[in-house]
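# sequence unknown, structure follows:
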C-alpha cells in the first residue's frame, strides 16, 4: 500500500464489502474494488493484491485512497468526467435551422443530414439532434425543381400525361417526368399509377 494511506475497515464496512463480493448481481467493477479493500485490510501487500485482482499498481492505490476518503460508498460511485466533445453553441444550431429553410445545393429536392453536415461543418448526428429538437423534417417537404431547359414551358404544354385539376397536376408516369424535366419527391410511385399529385413549391 502507498505510504501515508491507512485503511481501517469496521465490522459494518466489512459486511457491506463481503456483500458486494458475494452478491450475484453485483457489477464486476464493484466486486474487485471491494476485494482490493478487503485484501488490504487483511494485510496483503500491493503485489499480492495485484495478482489476486489482476489490476495494476496505480489502480490498487487509487481504490485504496478512495476507500480511505469516502468509505464503501466511494467504491460503488464513479466520478463524473467532463465530455470530450464540446457542446454545440446556439449559433451553430441557429445556422442549421436557417439553412434548412433555404434551397439545398445542386439538384437535390430537400436537405439531407449528410448534406447539411458537410455544409455546416458538424457531424450527421448533430444535425439530426438539432432537427429533432426543432421539429424539422426536411425529407417530408413536398416540392419540385424545374428543368433548366429553355423550352420547358412548351414541353410541359405538349406533355400527353398533363392534366388540369385546378392547380397544375402531373400524372405519375415515368415518361412524363422524363419529358417535363420535373424532379418529383413522390416519383417513387409505380409508373402505371393513375393518381395525380399537386406540385407545390
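Here it is on my side, so go on. As the structure is a computational prediction, the values presented were derived from the model and not from experiment.
# CA atoms for contacts and neighbours, from now on please.
Will do.
# and the end-to-end length of stretch 107-121?
21 Å (Cα to Cα, to the nearest Å).
# scratch that, stretch 128-138
End-to-end distance for stretch 128-138, by Cα to Cα: 11 Å.
# that one: which residues count as buried?
Neighbour-count burial for stretch 128-138, with 16 or more other Cα atoms under 10 Å as criterion, is recorded at 128, 130, 131, 136.
# for those residues, which one is nearest residue 28?
residue 128 (35.6 Å; Cα to Cα).
# looking at it, the closest one is touching residue 114, isn't it?
No. Applying Cα atoms under 8 Å, one finds residue 128 not in contact with residue 114, separated by 9.5 Å.
# that older thread, with distance to residue 76, secondary structure and pLDDT added, can I get the buried residues of stretch 128-138 in a markdown table?
Shown next, in a markdown table, are the buried residues of stretch 128-138 (distance: Cα to Cα, whole Å; DSSP: H, G, I helix; E, B strand; the rest coil; pLDDT from 0 to 100):
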| residue | distance to residue 76 | secondary structure | pLDDT |
| --- | --- | --- | --- |
| 128 | 35 | helix | 91 |
| 130 | 35 | helix | 91 |
| 131 | 38 | helix | 91 |
| 136 | 41 | coil | 84 |
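# farthest pair in these?
Top of the distance list for those (Cα to Cα): 128 and 136, 9.1 Å.
# quick one, helices of the chain?
For the chain, applying DSSP state H gives helices covering 11-22, 28-41, 46-53, 57-70, 72-75, 90-100, 113-120, 124-133, 152-157, 174-180.
# spatially nearest residue to residue 30, not counting backbone neighbours?
Spatially, and ignoring its direct neighbours in sequence, residue 30 is nearest to residue 76 (5.9 Å; Cα to Cα, 6 or more residues apart in numbering).
# was I right to think the one you found contacts residue 28?
No. Counting by Cα under 8 Å, residue 76 sits too far from residue 28 to count as a contact (10.7 Å).
# who has more neighbours, those two?
Comparing residue 76 with residue 28 by other Cα atoms under 10 Å, the one with more neighbours is residue 76, at 16 against 13.
# the closest residue to residue 53 other than its chain neighbours: how many residues sit nearby?
Among residues not flanking residue 53 along the chain, residue 32 sits closest, at 6.2 Å (Cα to Cα, 6+ apart). Neighbour count for residue 32, taken as other Cα under 10 Å: 20.
# just the pLDDT at residue 32, thanks.
We have a pLDDT of 94 for residue 32.
# please renumber the chain so that the first residue is 52 from this point on.
With 52 as the first residue, the last one maps to residue 83.
# go ahead and confirm it touches residue 107.
No. Checked against Cα under 8 Å, the pair residue 83 and residue 107 is beyond contact range at 12.0 Å.
# how confident was the prediction at residue 62?
What the model reports as pLDDT for residue 62 is 91.
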